[in-house]
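J.: Return a 3D structure for these sequence lines:
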Amino acid sequence: MAKILVVDDEIGIRELLSEILSDEGHDVHPAENAQAARLARNAARPDLVLLDIWMPDTDGITLLKEWSAAGQLNMPVVMMSGHGTIDTAVEATRIGAQDFLEKPIALQKLLAAVKRALQKSSIPVRSELTLAAFAHSPHLRDLKKRLEQVASRSRVLMLKTGFGSLAELCARTVAVPGKPWLDLTGHNVPLALEALEASNGGVLFVQELSGLSRLQQKNLAFAIDRLEKFDLRLIAASSLGTAELLSAGFEEALLRRLFDTLVGAPGLAELKDDIPDLARQILTHLIEAGEVPLRRLSTAAMNILRNQPWPGGYAELKAAVRSLALGALEEEISPSDVIRLVAPPASPPTCELMLDQPLREAREAFERVYFEHHLRLEGNNMTRLAEKTGLERTHLYRKLKTLGLPVGRKTEEPV
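T.: Numbers count the residues shown, from 1 in each chain. Predicted coordinates for the structure are as follows:
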């Protein structure tokens, strides 16, 4: 029979439902609150969840949204409530619940709902990771709001990205689940009307404008004229401005249309503290999709990931997490696993100071090696470099310029 998770803060209801379902031959796992439900869901991998709405720590609707955002709503969920309303039932169904039971629950209604949920033979839509999974990050939470606000009024959304782009994660956030996704970066033949028609209602995505070939630029111009006709949304990203893109061969008219609606999106270099959570959520999604075996990241492993520069952004981090999960020999991904993959031991910086050099030249040689080392560690992030070296920003820029070192991007929060 089925594994069923029963989540209810009332011990009497929890025990009664467990007893009834156990008598029917099911393997029942009770949970008294949302936190216990999270642990039980991950450990037991239930075939069905009976989820109470009103709980003391986190309500059932919020937990349902959390599972949906994390790609973990791949089992049927039946909501339960003694104070249910039509609006609550509709919202739960919209999020992904399959049924709604009002307390007190009659025996026959319970068994019928369980039978329907377990027999429902629908193939779940592959859930993609979105910014909705990061409700505890102020930066990512605000970014989600800005993206949704702009996307509600414009079919074209242009992302001005920083070092280590989050473009795909941003685009997935405003895409409609289950609708087509067409990556124009990988489309290397002339774009036909049939391809746009097949993508109706979906998203056209461009990871980085500067990487498009002339043919792909023409495809982009062709598509942007037909967004309304095929109910499409175009989401593109660029780390370059219009002047640089013009120099690269882009047509001015196309750039005007693209840059008409611009949203600043921070890169991973500006979201260093969010990288462990990003990695953890990526791993959860890969596990739920069946792409990797059950694995977990140790705290030390996540700290190493946090300190990597990730110039390839979200795509590079996602590929690294997938590789770690596939290659780890134990269930827990260890620091040594991460070091072997993304942070191979490098030769320590050397500074051969010639004692017969003048003091000024010897000092400059040391400072150059010192700043090169920390620029590399901090991914050219000037804010963190200033904190690490204890120098005021203006002084730091002047020092780097004097030493002939490249000055990194400024990393203030985009608006």
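
J.: in the stretch 101-250 of the chain, which spans are helices?
T.: For the stretch 101-250 of the chain, the helices defined by DSSP state H, counting those that start in this stretch cover 107-119, 138-151, 167-174, 193-198, 214-224, 242-247.

J.: next one: the stretch 301-415 of the chain
T.: 313-327, 335-342, 359-377, 382-389, 393-402.

J.: and the third one, which residues are buried?
T.: Within helix 359-377, the residues that count as buried by 16 or more other Cβ atoms under 10 Å are 365, 367, 368, 369, 371, 372, 375. Where C-beta positions appear, they are placed from N, C-alpha and C, glycine not excepted.

J.: So which elements touch that helix?
T.: helix 382-389, helix 393-402 (3 or more Cβ pairs under 8 Å, 6 or more residues apart in numbering; DSSP states H and E).

J.: how many degrees apart are it and helix 382-389 in direction?
T.: 130 degrees (axes from the mean of the first three to the mean of the last three Cα atoms, to 10 degrees).

J.: Repeat that for the last one.
T.: Comparing the axes of helix 393-402 and helix 382-389 via the same axes, to 10 degrees yields an angle of 90 degrees.

J.: Can I get the helices and strands packed on helix 359-377 in JSON lines including distance to residue 201 and mean pLDDT?
T.: Formatted as JSON lines, the helices and strands packed on helix 359-377 follow (distance: least, Cβ to Cβ, whole Å; pLDDT from 0 to 100):
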{"stretch": "helix 382-389", "distance to residue 201": "41", "mean pLDDT": "82"}
{"stretch": "helix 393-402", "distance to residue 201": "46", "mean pLDDT": "84"}
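
J.: got TSV for these, with distance to residue 211 and mean neighbour count too?
T.: Converted to TSV, these look like this (distance: least, Cβ to Cβ, whole Å; neighbours: other Cβ atoms under 10 Å):
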stretch	distance to residue 211	mean neighbour count
helix 382-389	25	16
helix 393-402	28	14
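
J.: Any chance of those helices in a markdown table with distance to residue 170 as columns?
T.: A markdown table is the format used below for these (distance: least, Cβ to Cβ, whole Å):
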| stretch | distance to residue 170 |
| --- | --- |
| helix 382-389 | 22 |
| helix 393-402 | 28 |
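
J.: I'd like to know which of these is closest to residue 309.
T.: Evaluated over the helices and strands packed on helix 359-377, closeness to residue 309 peaks at helix 382-389, with 10.7 Å, by Cβ to Cβ.

J.: list the helices and strands that closest one packs on?
T.: By 3+ Cβ pairs under 8 Å, 6+ apart, helix 382-389 packs against helix 359-377, helix 393-402.

J.: Using TSV, please lay out the ones you listed together with distance to residue 252.
T.: Converted to TSV, these look like this (distance: least, Cβ to Cβ, whole Å):
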stretch	distance to residue 252
helix 359-377	35
helix 393-402	32
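
J.: Out of the ones you listed, which is closest to residue 315?
T.: Nearest to residue 315 among the helices and strands packed on helix 382-389 is helix 359-377 (20.9 Å), distances taken as Cβ to Cβ.

J.: what's near enough to touch residue 141?
T.: 131, 134, 135 (Cβ atoms under 8 Å, 6 or more residues apart in numbering).

J.: Separate out the buried members of those.
T.: Buried among the contacts of residue 141 (16+ other Cβ under 10 Å): 131, 134.

J.: Show me which of the contacts of residue 141 is closest to residue 46.
T.: When the contacts of residue 141 are compared against residue 46 (criterion: Cβ to Cβ), the nearest one is residue 135, at 23.5 Å.

J.: tell me the pLDDT at the closest one?
T.: Per-residue pLDDT puts residue 135 at 81.

J.: ok, now how distant is it from residue 89?
T.: Counting by Cβ to Cβ, to the nearest Å, the gap from residue 135 to residue 89 is 23 Å.

J.: for residue 140, same thing?
T.: Using Cβ to Cβ, one gets 30 Å for the distance from residue 140 to residue 89.

J.: of the two, who's got more company?
T.: Taking other Cβ atoms under 10 Å, residue 140 and residue 89 do not tie; residue 140 has more neighbours (23 against 18).

J.: Would you mind confirming that that one makes contact with residue 132?
T.: No: counting by Cβ atoms under 8 Å, residue 140 does not reach residue 132; the two are 9.4 Å apart.

J.: number of nearby residues for the closest residue in space to residue 164 that isn't next to it in sequence?
T.: In this structure, residue 164 finds its nearest non-sequential neighbour in residue 268, 3.3 Å apart by Cβ to Cβ, 6 or more residues apart in numbering. Using other Cβ under 10 Å, residue 268 is surrounded by 26 other residues.

J.: Report the contact partners of residue 268.
T.: Residue 268 neighbours (Cβ under 8 Å, 6+ apart): 163, 164, 165, 166, 275, 278, 310, 313, 314, 317, 379.

J.: could those residues be laid out in CSV, adding distance to residue 152?
T.: Below are those laid out as CSV (distance: Cβ to Cβ, whole Å):
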residue, distance to residue 152
163, 29
164, 27
165, 23
166, 20
275, 29
278, 25
310, 30
313, 25
314, 23
317, 28
379, 33
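
J.: Reformat the residues you listed as JSON lines; add distance to residue 263, pLDDT and neighbour count.
T.: Formatted as JSON lines, the contacts of residue 268 follow (distance: Cβ to Cβ, whole Å; pLDDT from 0 to 100; neighbours: other Cβ atoms under 10 Å):
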{"residue": "163", "distance to residue 263": "17", "pLDDT": "75", "neighbour count": "20"}
{"residue": "164", "distance to residue 263": "17", "pLDDT": "82", "neighbour count": "26"}
{"residue": "165", "distance to residue 263": "13", "pLDDT": "88", "neighbour count": "26"}
{"residue": "166", "distance to residue 263": "11", "pLDDT": "93", "neighbour count": "27"}
{"residue": "275", "distance to residue 263": "21", "pLDDT": "95", "neighbour count": "20"}
{"residue": "278", "distance to residue 263": "19", "pLDDT": "95", "neighbour count": "26"}
{"residue": "310", "distance to residue 263": "21", "pLDDT": "91", "neighbour count": "24"}
{"residue": "313", "distance to residue 263": "16", "pLDDT": "91", "neighbour count": "24"}
{"residue": "314", "distance to residue 263": "16", "pLDDT": "92", "neighbour count": "22"}
{"residue": "317", "distance to residue 263": "21", "pLDDT": "95", "neighbour count": "22"}
{"residue": "379", "distance to residue 263": "22", "pLDDT": "61", "neighbour count": "23"}
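
J.: And those residues, which is closest to residue 111?
T.: residue 278 (41.9 Å).

J.: host element of that closest one?
T.: helix 275-288 (DSSP states H and E).
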